[in-house]
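In: coords below, sequence missing:
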């Protein structure tokens, strides 16, 4: 069975600090996808990134970066120079490949990130 | 571009009443469709998914059901709501591996 663990329930930092959100996953499949979503107070889930299991290259998008390490089954998310608008709940998720691409996502419990001005 | 709609946005229903939540997707054909529930203080749980019209897979046994009468329409229903059905219901669509979510429906069962 697949599982996603986000051990950090809540993180509070002061604006402009860097912050890393941890994600550890479990799966028996060799092909899978990892995701990060942002959930602002409005509730809608905003897609941030997808990473394939066979692509361990780290990715940077503006102030956001992701570190995927298969050896430790981790997919961590770092926000550099955090801003108040980054305050939200962040979810890490996993999807296993079944050939039809129809799998739903298994989510972690989320990390509530609070950026204080 | 693709958009996904859900309605209603909020709903307050008494225990034992029926439920119908609707989700529609625009700008894509033959998407995979999903219903998730986010209970208060908990993560998101996959309830149903559909790969085509009339094709529904259930992930969690419960008093909810789903239907897909049209390619881009996904409906979540219940004949009799329970208190435990309260939560935030999110519809999502995907064509490849990425899933995109609608604005959600916040359901309170009283």
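Out: On my side now, so go ahead. Since we're looking at a predicted model, the values are computed, not measured.
In: all contacts plus neighbour counts: C-alpha atoms, from now on.
Out: OK.
In: Tell me which strands the lowest-mean-pLDDT helix or strand in chain A pairs with, and in which orientation.
Out: When each helix and strand of chain A is scored by mean pLDDT, DSSP states H and E, strand A:59-61 comes last, with a mean of 87. Using DSSP bridges, strand A:59-61 pairs in its sheet with strand A:64-69 (antiparallel).
In: Name the residues of stretch B:63-75 that are buried.
Out: B:64, B:65, B:66, B:67, B:68, B:71, B:72, B:73, B:74, B:75 (16 or more other CA atoms under 10 Å in any protein chain shown).
In: model confidence over that stretch, on average?
Out: Throughout stretch B:63-75, pLDDT has a mean value of 95.
In: How far away from the center of its chain is the least confident helix or strand of chain A?
Out: Its chain's C-alpha centre and that of strand A:59-61 lie 13 Å apart, by CA atoms, centre = their mean, to the nearest Å.
In: Same check on stretch B:55-74?
Out: 8 Å.
In: tell me the contacts of the residue positioned nearest the centre of chain B?
Out: The centroid of chain B falls nearest to residue B:35 when counting by CA atoms, centre = their mean (3.5 Å). With CA atoms under 8 Å, 6 or more residues apart in numbering or on different chains as the criterion, the residues that contact residue B:35 are B:46, B:47, B:48, B:49, B:76, B:89, B:90, B:91, B:92.
In: How about the residues of chain A by chain B?
Out: Applying CA under 8 Å from any CA of the partner chain, we find that chain A lies next to chain B at A:33, A:43-47, A:50, A:95, A:101-110.
In: Could you rerun that using 7 Å?
Out: A:43, A:44, A:45, A:47, A:50, A:101, A:102, A:104, A:107, A:108, A:109, A:110 (CA under 7 Å from any CA of the partner chain).
In: Which entries within these meet the buried criterion?
Out: By 16+ other CA under 10 Å, these give A:43, A:44, A:45, A:47, A:50, A:101, A:102, A:104, A:107, A:108, A:109, A:110 as buried.
In: Select, from those, the two members most distant in space.
Out: A:43 and A:101 (25.4 Å; CA to CA).
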